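# all I have is the shape, not the residue letters:
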C-alpha cells in the first residue's frame, strides 16, 4: 500500500513537472512569436509605377431634379453688336437653327492674326531645320537683311499716298471740324484724335524718309537694321492714324444716317488698314528673321523642339479662336418654339445676355452647382444623368443653360444649370431626383500618373523618381526596398480626375515615379492582436499549481 502511494505521488510530481516545463516552452514560443511579429524594421519600401501616356476625362457632379418647366433661355457666349436675328416670337425651330448673330469682325481679325502667327512659326521652324552650317547661317542672315531693306522700300511706296489721302479725307466738307461740331462733342473728340495722329504720323514720316534716302544696298547691316526698326514704328503710327480716322468716319455715318456720303472715305481707309497690316507683318518678320539668324550659330535638337512647341502653341491658339467663333452665333440647342425675343438688331450685348426663350417638349434637369464647379461648366458640354427611382437608367444630355446670377443659401452660392435630355423615357417624371456628371474636359495622349504621386512643397508640385526600376517586391509584401533615395523633380500639372493627374512638364514617358512610400512593416495593432492569439491557445489562466 505504501509503495502504491509512493508511485501515485511520483506520478503527480512528474505530471506537475511536465506541465510547468510545457508551459515554459509555450511561453518561450509565444515570446519568440511576439518578437518575430512585432519586429519594427526601419526599412522604407517604395511602390512605383512607370509613367505612360493616357486619357483623362474631367467632370463635375451635382444632384438636382427633373424640371417641371420646359423653357430654356438662349444666351450669348460672346460680346458685340447684334447683326442678325433669324426668328420671330412663336416660330417653331429645329435644333441648330440660327437665332441671332453677333458681329464677328474683331474675332475674324484675331483669327487672321493667329493664322499669320502660325505661318511665321512654321517658317521659323523650317529655317532652323535648314541651318546646318555656319555658311548657311551667314547666307540666311544676309538674305534677311536684303529682304528687310526690300520691305522698307515697299513701305515707302505707299506711305506718302496714305498720308495725303488721310489729309484729304479730314479736309472734306462733311468731315470738317464744323461738321464734327454739328454732330456733338463725341464727334469732335474723334476728329481731334484723328487730326493729332495725322500730325504725329507726318512728323515721323518726314524723319524716317530722310533717313531712308541716305541708305543704299551697300549700307552696313547695323544701318539696315535701324531703318527696318524705324520704319516699323512709323508704320505702326500710320496704322493708328488710319484706325482713328476710320473711327471718326464710322461715327459720322451712324450719327447722320448718310452712309453714301462717306462710303468712298470708308472704303479707302479700310483698304489702307489692310495695306498697313501687310507691311507690319512683313517688317516684323524681317526683324524676327534678322534676330533669329544673328542668335543661331548651329542647329540643335533643343532648338527644333522649342520651335515645334511654339508651332503647337500657335496651332492650339488658332484652334481656340476657331472654336470661339461659334460663340458669336446663338443657335437652338433642340427643337421647340420661340416664346419671346429679348433683343433687337444693332443692340450691343455682353456675354450671358438672354437672346430668346425656347419652349421644348424635351425633358430638362435642373442641377445646382457651387461657384467653383460652375466656373468649369459651359453650354454645350456633354453630361450623363442617373435617377434614384430608376436604378437601371442612364441618359446622356447636354448643358443648355447656366444661370448668370447665383442664389445664396447658408452662405453658399449656387448656380442652376439646365441639362437637356438626348433621349426621352416615359419612366422619368417631373420632380424626380437625378444626379448629373458633366464632362468639363477631355485630354488624350497626355502624360498621366497616379494622383497620389504628386506632392506639394512651398507652393510647388513635385514627384519622386528613380533612375532605374526597383527589384520586384517580396511575396505578400507591398513595395520594394531601395538602397538609394528617389530624386525630387518639380512638375507642372494639368487636369485630373478621381485617380490620375496630367503632367505638363518635368516628366517623360517611361520615367519611374513613386506612388506610395511605406515606413516599417507592422502596426502596433497587429502586434497586440498577434500576442493575444498565441496566449489564447493555452486556454487562458496561468500555470497549474
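Noted; the coordinates are in hand. Only a predicted model underlies this, so the values are computations on that prediction, with no experimental measurement involved.
# helix or strand: which one has the nearest residue to residue 215 once chain neighbours are set aside?
Once flanking residues are discounted, residue 215 sits nearest to residue 227: 5.8 Å by Cβ to Cβ, 6 or more residues apart in numbering. (Glycine included, C-beta is placed from N, CA and C.) Taking DSSP states H and E as the definition, one finds residue 227 inside helix 221-256.
# picking up where we left off before, how much space separates the residue nearest to residue 215 from residue 155?
10 Å (Cβ to Cβ, to the nearest Å).
# these two: who's more crowded?
residue 155 (24 against 19; other Cβ atoms under 10 Å).
# looks like the more buried one contacts residue 235 (just checking).
Yes. Between residue 155 and residue 235 there is a contact under Cβ atoms under 8 Å: 6.0 Å.
# identify the contacts common to the two.
279, 283 (Cβ atoms under 8 Å, 6 or more residues apart in numbering).
# helices or strands next to the lengthiest strand in the chain in the packing?
For the chain, the longest strand by residue count, based on DSSP state E, is strand 433-450. For strand 433-450, the elements it packs on are strand 52-66, strand 364-370, strand 382-387, strand 412-421, strand 492-496, strand 500-505, strand 512-519, judged by 3 or more Cβ pairs under 8 Å, 6 or more residues apart in numbering; DSSP states H and E.
# who's in contact with residue 177?
Neighbours of residue 177 in contact, by Cβ under 8 Å, 6+ apart: 188, 191.
# so where is the stretch 301-450 of the chain shaky, pLDDT-wise?
Low-confidence segments of the stretch 301-450 of the chain (pLDDT under 70): 301-302.
# before we move on, back to that, give the buried residues for the longest strand of the chain.
The neighbour-count check on strand 433-450 (16 or more other Cβ atoms under 10 Å) flags 434, 436-438, 440, 443, 447-450 as buried.
# same check on stretch 447-461?
Applying 16+ other Cβ under 10 Å to stretch 447-461 flags 447-450, 452-454, 461 as buried.
# ok, stretch 66-85 next?
Neighbour-count burial for stretch 66-85 [16+ other Cβ under 10 Å]: 66-67, 72-80, 82, 85.
# so can I have TSV of those residues showing secondary structure and distance to residue 207?
Shown next, in TSV, are those (DSSP: H, G, I helix; E, B strand; the rest coil; distance: Cβ to Cβ, whole Å):
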residue	secondary structure	distance to residue 207
66	strand	72
67	coil	68
72	strand	61
73	strand	57
74	strand	55
75	strand	52
76	coil	47
77	coil	47
78	coil	42
79	coil	40
80	strand	39
82	strand	45
85	strand	51
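# I'd guess residue 48 is in a strand, am I close?
Yes. Per DSSP: H, G, I helix; E, B strand; the rest coil, residue 48 lies within a strand segment.
# the residue lying closest to residue 236 once chain neighbours are set aside: neighbour count?
Counting by Cβ to Cβ, 6+ apart, residue 280 is the residue found nearest to residue 236 once chain neighbours are left out, at 6.7 Å. For residue 280, the neighbour count with other Cβ under 10 Å is 16.
# give me every residue that touches residue 280.
By Cβ under 8 Å, 6+ apart, the neighbours of residue 280 are 232, 235-236, 239.
# if you rank the residues you listed by neighbours, which is first?
Top of these by neighbour count (other Cβ under 10 Å): residue 235, with 29 neighbours.
# is it true that that residue touches residue 276?
Yes. With contact defined as Cβ under 8 Å, residue 235 reaches residue 276; the gap is 5.9 Å.
# can you list the domains in the chain?
With domains defined by automatic domain parsing, the chain comprises 2-40+525-536, 44-55+444-522, 56-102+332-442, 132-298.
# got CSV for these, with distance to residue 118 too?
CSV is the format used below for these (distance: least, Cβ to Cβ, whole Å):
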stretch, distance to residue 118
domain 2-40+525-536, 61
domain 44-55+444-522, 21
domain 56-102+332-442, 22
domain 132-298, 13
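# would you tell me which of those gets closest to residue 113?
domain 132-298 (8.6 Å; Cβ to Cβ).
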